[in-house]
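Engineer: Please work out how this folds:
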Amino acid sequence: MLSTSGPADYSYRRIFSELQPYRLRLALGTFCLLIAAPAGLIHPLVWMFVVDEVLVGGKLVLLVPALAAMVIVHVVFSILLGALRDRLFEAVGVDFCRDLRNRVYRKLNSQPIGYLNRQRTGDLMSRVIADVDAMQGSMLHGLTNVLQEGAAFLVVLIAICSLNWKIGLATFLPLFVVFLIVRAYTPRVRQIHRASRELLGQLGSKLQDNLAGMLVTKAFAQEQAEEQRFEAQTDRHAAKLREGIKLRATVFPLAHLIGFTTNAIMLGMGAWLVVEGEFTLGGLVALRGYWWQLNGPIKAVAQISDILQRLQAAGQRVYAILDAPVELVDASAARPLTQARAPLHLRNVTFAYEPARPPVLANFSCTIRPGERLALAGASGAGKSTLLYLLARFYDPQGGEILWGEQPLRSIAQGSWRPHLGMVLQDTFLFHESLRANILYGRPQASDAEVVIAARRANAHDFIAALPHGYESVVGERGVKLSGGQRQRIGVARAFLSNPEVLLLDEPTSSVEPESEEIIQQSLLELMEGRTVVLTSHRPSLLARADRVLMLDGTGIVEDGSPQELLTRGGPFAEMYRGWQESLNRGPVR
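Structural biologist: The predicted structure is shown next:
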């Protein structure tokens, strides 16, 4: 499982370095912000001018110019530049989210099947979607708030100190207390946000499992039980969110309360200094206007800390994906496949899915000749499918090596090796797209005519043509709108279109209805012509078409020979073969 507690760098410097590609727009947005911030704070000075010069000084003729200047500065510099700033920052947010999400997906796409099998799909989805969104929101809000409130704070500080340095000094002392409160608050809120993101990932994983397994849930009448399990997880997530709300509801009002004391300090000292003749009435009015501006940065200090902790919690989960090492890599001198029609050699291959468990294969050796049809037989767990996955290089063996001719698979670039393979698995996966798109997955550049030819060779064209939208019919998620036999025929058509040199068949007819099995076998026999084939099957009729059978028992090869030779010997293969035939001859129990 992915961890966020390792040595990876989750610092704010690294997180904000993600904004480097957008620095020109950010710089322009920051420029607009730095101009708009002081422009939006000019009106208290205009109030002071109106009181001291227009009202007290009797210069009524200056009233209209003063008000006009205030409106022009606010509209042109504050509102218009503020709108441009928001547009730039929000556009950066959209592009940042898109680019980071694409990077995370590319990293997941580069990982082998073993890595993905160890993760929870719903949790990965939560990281790619929800956590990246949270990073976008927190980063852009955190950045703009820090800049905007920081600029406002400096402008207000300069303005108040320029009006009267004594009032300025007394006003800003409470901010140090707010800083200490936020410093004590940060570790706890960081812990809450991390736990909340993890619980959200678990919730996504549970939802994905439940939706994928809804057929089983309903078949066993477990709807209420699953609702209770789901609600228990939402309760845990909600409890953690409430914990954060409770903490914020304590810290934010406290910071606001301390900040509010600046109002009394300003008003009290200002009034006293006016009476003493050291301050003007207009200056007191201006102070009142600046207090409202100062109140925002005081509250924002605690809020920005909260936003930044959300950012780091989401960033940890995203970087756990980006920083995970790629577990299946080509050799340093990997090159494209150079030899055609070569034998496959497996030399002393040892493989275990987990280091702590016994190996599925130990010192396994065999050679598959070009154009040979090799069948793998044996009980479940004997390593048949594992051999196919190793040949496809979904995994690398921990010991020994696999070679194509004299070229080790590790030294062949994965992108060069796999186009030479075709696979038809026990349960063909179809994407929620059209039948045409699913067949084209075997060779995306193929023409429509080639798609139809492949479908005909797979005995799929007739049922496709009978559908209301033909090849443009959308199959539903995982091909749910098609029968098992129809899905397998699409898988066979996909393999025909890819025209592979090596064909890997993993129980291709075991999960189809009886009326489809013969049709699919006919297609498979045509597909196997002239290719190197490695297949697993429990169907005697398909095993009988192999040139050679390897009988496996979990310790290695116990028999090796043609189907006819092994039947004649009367060994484990013959015994298993007869058992399969008897079960098929008996048919379903009524």
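Engineer: quick one: low-confidence ranges for the stretch 301-450 of the chain?
Structural biologist: The stretch 301-450 of the chain contains residues with pLDDT under 70 at 301-302.
Engineer: residue ranges for the strands of it, please.
Structural biologist: Ranges of strands in the stretch 301-450 of the chain, per DSSP state E, counting those that start in this stretch, are 344-351, 361-368, 373-378, 399-404, 407-408, 421-424.
Engineer: care to break this protein down by domain?
Structural biologist: 12-322, 344-427+496-586 (automatic domain parsing).
Engineer: rank these by pLDDT, which is bottom?
Structural biologist: Ranked by mean pLDDT, those bottom out at domain 12-322, with a mean of 82.
Engineer: residue ranges for the helices of the stretch 51-200 of the chain, please.
Structural biologist: Using DSSP state H, counting those that start in this stretch, the helices of the stretch 51-200 of the chain run over residues 63-73, 81-110, 113-118, 121-126, 132-163, 165-212.
Engineer: For the last one, what is the distance to the chain centroid?
Structural biologist: Yep, that's helix 165-212 we're talking about. On the basis of Cα atoms, centre = their mean, to the nearest Å, helix 165-212 sits 24 Å off its chain's mean C-alpha point.
Engineer: please renumber so the chain begins at 459
Structural biologist: Done: numbering now begins at 459, and the last item shifts to helix 623-670.
Engineer: If you count neighbours, what's buried in stretch 862-880?
Structural biologist: The neighbour-count check on stretch 862-880 (16 or more other Cβ atoms under 10 Å) flags 862, 867-870, 872, 875-876, 878-880 as buried. For the C-beta atoms, the positions are set from N, CA and C on the backbone; glycine is no exception.
Engineer: between the helix or strand where Arg746 lies and helix 590-621, what angle do the directions make?
Structural biologist: Counting by DSSP states H and E, the element that carries Arg746 is helix 739-780. Interaxial angle of helix 739-780 relative to helix 590-621 (axes from the mean of the first three to the mean of the last three Cα atoms, to 10 degrees): 160 degrees.
Engineer: just the angle between helix 739-780 and helix 623-670, please?
Structural biologist: Put simply, helix 739-780 runs at 30 degrees to helix 623-670, going by the same axes, to 10 degrees.
Engineer: what distance separates helix 739-780 from the centre of its chain?
Structural biologist: Taking mean C-alpha positions (Cα atoms, centre = their mean), helix 739-780 and its chain are 29 Å apart.
Engineer: returning to that earlier point: so can I have JSON lines of the strands of the stretch 759-908 of the chain showing distance to Met724?
Structural biologist: Formatted as JSON lines, these follow (distance: least, Cβ to Cβ, whole Å):
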{"stretch": "strand 802-809", "distance to Met724": "75"}
{"stretch": "strand 819-826", "distance to Met724": "79"}
{"stretch": "strand 831-836", "distance to Met724": "85"}
{"stretch": "strand 857-862", "distance to Met724": "77"}
{"stretch": "strand 865-866", "distance to Met724": "78"}
{"stretch": "strand 879-882", "distance to Met724": "75"}
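Engineer: residues contacting the residue nearest in space to the middle of the chain?
Structural biologist: In the chain, the centroid-proximal residue (Cα atoms, centre = their mean) is Val586; its distance is 2.3 Å. By Cβ atoms under 8 Å, 6 or more residues apart in numbering, the residues touching Val586 are 559, 562-563, 566, 779.
Engineer: And for Pro958?
Structural biologist: Pro958 makes contact with 877-880, 989 under the criterion Cβ under 8 Å, 6+ apart.
Engineer: Out of these, flag the one nearest to Ala814.
Structural biologist: Of all those, Ala814 sits closest to Leu879, with 30.5 Å by Cβ to Cβ.
Engineer: Which residues does that closest one form beta bridges with?
Structural biologist: Beta-bridge partners recorded for Leu879 (DSSP bridges): Val960.
Engineer: Contacts only, for it.
Structural biologist: Leu879 sits next to 849-850, 958-962 when contact means Cβ under 8 Å, 6+ apart.
Engineer: These: which two are farthest apart?
Structural biologist: Farthest-apart pair in the contacts of Leu879 is Ala850 and Glu959; separation 12.9 Å (Cβ to Cβ).
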